[in-house]
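Q: any chance you can model this:
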Amino acid sequence: MEHEILAGLKKTVLDYDIEKAESIAKDAISKGLDPLKCAEALTEGIRQIGEGFEKGDLFLVDLVAGSEVVKKALPPIHEEITRRGQKTASLGKVVLGTVFGDIHSIGKDMVATLLFANGFEVIDLGVNVRSDSFIDAIKKSEANVLAISALLTTTVMEQKNVIEGLGREGIRPNVKVIVGGAPINQEFADSIGADGYGSTALEGVAIVKSLLGTEPQKHA
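A: This is a model prediction of the structure:
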């Protein structure tokens, strides 16, 4: 029965069935399944979609739809993981968001989904995020990486403000900063002191992996 339920969780993602996502996740937990296995089933589903996207077999709409299913199903699973005092396997922890004054989310959402599919813990702060909110999130989560998106030429300097804020707080050496967005290039990233720059979501994930150079940790 466990195998069938876990297969059902994965299928929910692959079928983009957001209507049933939460109820199937809650049902799995109510039947006593290991929440870590439930989380992995969801991860396998979104990873499969991510691989299809990388190959060009699937499209942005597929990635976004699968991501929404995972977001709907994860809360009750994470709640049970916390209740049991367990920990999920992770390549690292990434705080991510779009800078203050900018409400574009598609690029950020793609990066967040692909990071999750590749085994990272992702803390998505959303859009229009102020510098101090990024800094507070890094302090609270002790994340390894901060990924900052800016899609407007009028907001790109907010990325510099965030990096300078990390410096003022004395925590810049503790976190790798990657920047991205349509107006951004490698020259700009270097000029503001970023550790990495990705022109696409796929590049962003590869750079995060390269910056950390870590392997997945074992379940606790």
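Q: who's in contact with Lys160?
A: Neighbour list for Lys160: Ile192, Gly193 [criterion: C-beta atoms under 8 Å, 6 or more residues apart in numbering]. C-betas here are computed from N, CA, C, even on glycine.
Q: give the buried residues for whichever helix in the chain runs longest.
A: Longest helix in the chain by number of residues (criterion: DSSP state H): helix 60-84. Across helix 60-84, burial judged by 16 or more other C-beta atoms under 10 Å covers 62-74, 76-77, 80-81.
Q: same question, stretch 185-201
A: Neighbour-count burial for stretch 185-201 flags Phe188, Ala189, Ile192, Ala194, Asp195, Gly196, Tyr197, Gly198, Ala201 (criterion: 16+ other C-beta under 10 Å).
Q: tell me where this protein has strands.
A: 93-98, 121-124, 145-149, 176-180, 196-198 (DSSP state E).
Q: from the contact counts, what lies against the last one?
A: The contact analysis (3 or more C-beta pairs under 8 Å, 6 or more residues apart in numbering; DSSP states H and E) places strand 196-198 against strand 176-180, helix 186-191, helix 201-212.
Q: between those, which one is closest to Ala89.
A: helix 201-212 (14.3 Å; C-beta to C-beta).
Q: determine the set of other helices and strands touching the closest one.
A: helix 106-117, strand 145-149, strand 176-180, strand 196-198.
Q: buried sites along that helix?
A: Those would be Ala201, Gly204, Val205, Ile207, Val208, Lys209, Leu211, Leu212, for helix 201-212 by 16+ other C-beta under 10 Å.
Q: quick one: low-confidence residue ranges for this protein.
A: The chain contains residues with pLDDT under 70 at 214-220.
Q: related to what we said a few turns ago, of all the buried residues of stretch 185-201, which two lie farthest apart?
A: Ile192 and Ala201 (20.5 Å).
Q: partners of the spatially closest residue to Glu158 that is not a sequence neighbour in the sheet?
A: Among residues not flanking Glu158 along the chain, Val99 sits closest, at 3.6 Å (C-beta to C-beta, 6 or more residues apart in numbering). Beta-bridge partners of Val99, counted by DSSP bridges, are Val129.
Q: burial check on Val99, number of neighbours?
A: Residues near Val99, counting by other C-beta atoms under 10 Å, number 27.
Q: can you list the domains in the chain?
A: Using automatic domain parsing, the domain parsing of the chain gives 2-84, 93-212.
Q: surely Ile184 touches Val156?
A: Yes. Contact criterion C-beta atoms under 8 Å: Ile184 and Val156 qualify, at 6.4 Å.
Q: what do the two both touch?
A: Contacts common to Ile184 and Val156, judged by C-beta under 8 Å, 6+ apart, are Ala150.
Q: now do the buried residues in stretch 123-143.
A: 123-125, 127-131, 133-135, 137-138, 143.
Q: out of those, who's nearest Ile46?
A: Closest to Ile46, out of all of the buried residues of stretch 123-143 and judged by C-beta to C-beta, is Asp124, at 14.0 Å.
Q: leaving out sequence neighbours, find the closest residue to Ala137.
A: Nearest to Ala137 is Val95, by C-beta to C-beta, 6+ apart, at 4.7 Å.
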